[in-house]
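Asks: Build the 3D model from these lines:
(3 chains)
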Amino acid sequence: MAESSPVLEVDNLVKHYPIRKGVFGREVGRVHAVDGVSFTLWPGRSLGLVGESGSGKTTAGRAAMRLIEPTSGDVRIAGEPVTAATGRRTLARRIAMVFQDPMGSLNPRLSAAANVAEPLRIHRIGDPRSRRQRAVELLEQVGLRADLAERVPAEFSGGQRQRIGIARALALSPQVIVLDEPVSALDVSVQAQVLNLLGRLQEELGVAFLFISHDLSVVRHVCDQVAVMYLGTIVEIGSREQIYQDPRHPYTQALLSAVPIPDPTVERERIILGGDLPNPVDPPAGCRFQGRCPKVQQVCIDTNPELVVRSAGGQAVACHFADDNAVEGESR
Amino acid sequence: MTTTDTAVAPPTQPRVARAGVVGKFLRSTTGPIGAGVMGILLLVALGADLIAPYDPLARAGAALQQPGGEFWFGTDELGRDIFSRVVHGTRLSLQTAVGAAAFAGVVGLPLGVLAGYVGGATDAILMRITDFVLAVPGILFALVVVAVLGSGVWNLTLAIGIGATPTFIRLARASTLSLREQEYVLAARSMGASPFDIMARTITPNIMGPIIVQIIVTASVAILVAAALSFVGLGTPPPAPSWGGMLQSSRAYLFQQVWYAVLPGVVLAVTIAALDAIGRGMQVALGTRTAGRAKVGGMG
Amino acid sequence: MVSYVVRRLLQFIPVLFLASIAVWAIIYAVPGSPATALVGTDATPEALAAAEERLGLDKPVPLQYLQWVSGAVVGDFGDSAINGAPVLGQLAERIPASLQLALFSLTIGLLLALPLGIVSALKPRSVLTKVINVYQAAALAIPTFWVGILLIIGLAVKRNVFPSVSNFVPLWVDPVGAFRNTFLPALCLGIYISGIIARFVSASLKDSLAQDYVRTARAKGVPEGAVISKHALRNALLPTVTVVGLQIGEFLGGTVVTEVVFSYPGLGRLIYTAVTGRDYPIIQAAVLFIVIAFLLINLIVDVLYALLDPRVRLE
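Replies: Now for the predicted structure:
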């Protein structure tokens, strides 16, 4: 797959929320939800955005598609800059979203077909009849029989609902789909089915996925590229192989150490992180991970490490000791 | 009430979302009774000309007769058949109720959704207006509007409708706020839906439950307020057969014809009770607890 | 707490501004000339000229409003179009009467509602509760003015126990006379609000009976009577304060028809007479007074509630 130009470029995306207090709404602080996130998404590829809850991955995804207005940063879709003036209508035809809660994200009053046809109706594509027909086709494409098309969301199982949500995201044939924890509300057996469906759709349609998840094993299953987020910033980004086999950031290493390995012969040291995700209102001045890092040094407290490319393969790590962090011996 | 829905539910899988509500309503204690009584009253209102044995405005016999075979409810001070007047009064009452509730709903619902969805200055201004109207008891508000517009059936309906509107605005706003962060609203935004589209097609259909309950509550309050205003001579002007007006006239003849004061009042109370019963049944069915009554100011 | 009260008071300003505009505009909304509306159609030319002067009809509209509102702020709403007496004095005369009626009505309402609400919460499946439910539905559905007629037939006209025309006898002057005169209208209103309060008491007592602290009290062997009176009821009655408080607001002017039925000289009947006599200065002053009173009562109720219930935080 040697596509020449990226389909989605996000450059230095920032989203701050002001905290207001008192009668006059004085600003007393800012929540640094997303603090300078950059990544590139290629056609037909998947980028995984992983992190704990509160790491800013959802906000980053929503700001990237301008579902929330970013404080600053540039977004380009297929080379064209996206600004506040672009408008959601134009944007919606190129970038769609699949939500975490398959029940909550479908309009409970509309049938499955009507839910899938909503984007077409909003964009005034076709007449009601052809829209319905297209919706039924899309439902079949995601593995739902046509005779289920008239049922309302409450009559479907969680996995089926998520299929409806995916069909709806496909309706306008977007180039990018942002999937926000698309399987974390589902049973494990259903998760696999939905992930396989996503893989198949990507192969058939060449759509790019921005896959937001806290679940490293899920991301491994779907994504070619992985970005690890911590406290509003990307701490490590690279190909799936690089991240999973040669993680360089202590945080990535800690996360991976918690992922079960389906091989009883492999022994591995669990890295247990102390403390919780710090408050993003006042992030520490130096490295954001300093408070929980097992390898913290004075330089980590003084200076914030930049996200720099560390290897020929393009793996970038935001750690002063990235080169020392290569895990000796154990490389899976 | 679409009571037929459950009967024709497909055998495979019922539409849980809708049939559930109707089924719960039918299984509630008060709902079916209220709906049954209201159904009869609606038929009476629609078929008043066929049901009433006499002309409600014309003399039918001797004045102030006791109830009997010829005049079921007796006759009034002008010898008119009280039963026929009560029957036509049903039409008048329900007309006011429907008119006022429809006005309040049609004006209040979109404004409330707008306030809730758009927020900001629009919201603040609308809320202060509702604060003001809600600070005036419903009956008094209607009274003052009638004082300005003059009395008459339509002015009365409008007066009650305006007074009931803020409750709809508040209710629609609160429901919208609770929906605004729902993912399907966010999803509609992500699909590029315009704010108008989201308000009209995504939010409004999903907040109709409590709104319909409020329409029922408003209808019952409207009947009560209309009767009260007609009773004090500021509502429907005579000789129209309004329930409140009849009760007013009856006061002078309490000794001669006590049923004149009693029977129209019974019908009035039964109508209000039936609407309340429907409202409560619907609240049970929808699982909401919006005690909107006290805020509409239903005191006679 | 203080900052909450300040914020709420600040919120009153726009409401009062809107209310004052609406009330001021009444005169202009009435068909015909505003000056005629103010003094009546059969006024002398001098009176009409005085009214025009008072309204400032020769000035721009915003100035006319300012002229009116600056009078209103210091309590000058002009003179009654009917009897020429200052509006404020007439209003002040009626307020104690309305408050006394409200007090009596609430007392009756609570005396009826508390036992009914408690019984229906404690024995939800009993026959008695079914009867209570019917009573509650009836109390809300039967118009107070009709209850008034029935009471007048039964107790005033036929038995002569109570006067059929209720005068205002201040409680502090003649308690017996006050009771005799206020009882019937208060009973009408009391029955009505007992329907609201009983439902509320029942619902909130049921809620609190289902709480963990009640189960804990039972588990540690507290006698059932004490569980109900000390643990459940006390917490269940707190929210009732809100409902009762809001009813006081509703009673100021919301009892028009009952006051008319019994010819009781309260605020409601003052407004009623003003509406039938097209005495607009009275209407203006009364509506504005009721809005202010309602807002203040609401604020007091909220603060009181927070003081009684330490769990409530005012924000």
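
Asks: give me the number of residues near the residue in the stretch 51-200 of chain A that chain C sits nearest to?
Replies: In the stretch 51-200 of chain A, no residue comes nearer to chain C than residue A:54, which is 24.6 Å away by C-beta to the nearest C-beta. In short, each C-beta sits where N, CA and C put it, glycine included. Close neighbours of residue A:54, defined as other C-beta atoms under 10 Å in any protein chain shown, add up to 18.

Asks: which SS state does it fall under?
Replies: Under DSSP: H, G, I helix; E, B strand; the rest coil, the three-state class of residue A:54 is coil.

Asks: What about it? Give its phi and psi, please.
Replies: phi 100, psi 0 (degrees, to the nearest 10).

Asks: pLDDT value on it, please?
Replies: With respect to pLDDT, residue A:54 has a value of 79.

Asks: Now whatever residue of the stretch 151-300 of chain C ends up closest to chain A: closest residue in space that isn't a chain neighbour?
Replies: Nearest residue of the stretch 151-300 of chain C to chain A: residue C:299, at 16.1 Å (C-beta to the nearest C-beta). Counting by C-beta to C-beta, 6 or more residues apart in numbering or on different chains, the nearest residue to residue C:299 once its immediate chain neighbours are dropped is residue C:8, at 5.2 Å.

Asks: Let me know the distance separating residue B:66 from residue B:251.
Replies: 18 Å (C-beta to C-beta, to the nearest Å).

Asks: Counting neighbours, go ahead and name the busier of these two.
Replies: residue B:251 (16 against 13).

Asks: for the record, mean pLDDT for the host helix or strand of the residue of the stretch 151-300 of chain C closest to chain A?
Replies: Element membership of residue C:299 [criterion: DSSP states H and E] is helix C:280-308. Mean pLDDT, helix C:280-308: 86.

Asks: does stretch C:165-183 come close to chain B?
Replies: No. Counting by C-beta under 8 Å from any C-beta of the partner chain, chain B has no neighbours in stretch C:165-183; the shortest distance is 12.6 Å.

Asks: then that stretch to CSV, C-alphas only?
Replies: What follows is stretch C:165-183, C-alpha atoms only, in CSV (Å, rounded to 0.1, in the frame of the first residue of the first chain):
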residue,chain,number,x,y,z
VAL,C,165,-69.9,36.4,53.8
SER,C,166,-66.4,36.3,55.3
ASN,C,167,-65.1,39.6,56.7
PHE,C,168,-61.6,40.2,57.6
VAL,C,169,-61.3,40.0,61.4
PRO,C,170,-57.6,40.2,62.4
LEU,C,171,-56.6,37.2,64.4
TRP,C,172,-54.8,39.4,67.0
VAL,C,173,-58.0,41.5,67.5
ASP,C,174,-60.6,38.8,67.9
PRO,C,175,-59.4,35.2,67.5
VAL,C,176,-62.8,33.7,67.6
GLY,C,177,-64.3,36.1,65.1
ALA,C,178,-61.2,35.6,62.9
PHE,C,179,-61.8,31.8,63.0
ARG,C,180,-65.5,32.1,62.3
ASN,C,181,-65.0,34.4,59.4
THR,C,182,-61.9,32.8,57.8
PHE,C,183,-62.8,29.1,58.3
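
Asks: quick one: buried residues of that stretch?
Replies: C:166, C:168-169, C:171, C:178, C:180-183 (16 or more other C-beta atoms under 10 Å in any protein chain shown).

Asks: All the strands of chain A, in order from the start?
Replies: A:8-21, A:26-41, A:46-50, A:72-77, A:80-82, A:95-98, A:176-180, A:208-213, A:225-230, A:233-239, A:308-309, A:316-317 (DSSP state E).

Asks: Give me the packing partners of the longest one, helices and strands only.
Replies: Which is strand A:26-41. strand A:8-21, strand A:46-50, helix A:57-64, strand A:233-239 (3 or more C-beta pairs under 8 Å, 6 or more residues apart in numbering or on different chains; DSSP states H and E).

Asks: Enumerate the positions of it that are buried.
Replies: A:31-35, A:37-39, A:41.

Asks: Tell me the one among those nearest to chain C.
Replies: Distances from chain C to these, taken by C-beta to the nearest C-beta, are shortest for residue A:31, at 19.9 Å.

Asks: Next one, pLDDT for the residue lying closest to the closest one once chain neighbours are set aside please.
Replies: Excluding the flanking residues, the one nearest residue A:31 by C-beta to C-beta, 6+ apart is residue A:17, at 4.2 Å. Listed pLDDT for residue A:17 reads 86.

Asks: how about residue C:123, phi and psi?
Replies: Dihedral angles (degrees, to the nearest 10) for residue C:123: phi -120, psi 70.

Asks: Check the stretch 151-300 of chain C for the residue nearest chain B and tell me.
Replies: residue C:254 (3.0 Å).

Asks: Okay, and residue B:95 sits in which element?
Replies: Residue B:95 belongs to helix B:82-118, assigned by DSSP H and E.

Asks: ok so, going back, the residue nearest to residue A:31 reaches residue A:34, doesn't it?
Replies: No. The criterion here is C-beta atoms under 8 Å, and residue A:17 misses it with residue A:34 at 9.9 Å.

Asks: follow-up on the earlier one: remind me what the helix or strand harbouring the residue nearest to residue C:299 packs against, helices and strands.
Replies: In this assignment (DSSP H and E), residue C:8 forms part of helix C:2-29. Applying 3+ C-beta pairs under 8 Å, 6+ apart, we find helix C:2-29 packed against helix B:120-135, helix B:138-149, helix C:34-39, helix C:61-73, helix C:280-308.

Asks: Tell me which of those is the most buried.
Replies: helix B:138-149 (a mean of 25; mean count of other C-beta atoms under 10 Å in any protein chain shown).

Asks: what's the neighbour count on residue C:273?
Replies: 16.

Asks: Ok, residue A:80 next?
Replies: Count around residue A:80 with other C-beta under 10 Å applied: 11.

Asks: mind checking pLDDT for it?
Replies: So residue A:80 comes in at 85 (pLDDT).

Asks: what bridges to it?
Replies: residue A:77 (DSSP bridges).

Asks: can I see the domain layout of chain C?
Replies: C:2-73, C:88-308 (automatic domain parsing).

Asks: Mean pLDDT lowest where, among the ones you listed?
Replies: Among the domains of chain C, domain C:2-73 scores lowest, with a mean of 81.

Asks: and that one, how far apart are its ends?
Replies: Terminal residues of domain C:2-73 are spaced 25 Å apart (C-alpha to C-alpha, to the nearest Å).

Asks: Where does the stretch 1-150 of chain C get nearest to chain A, which residue?
Replies: residue C:7 (5.8 Å).
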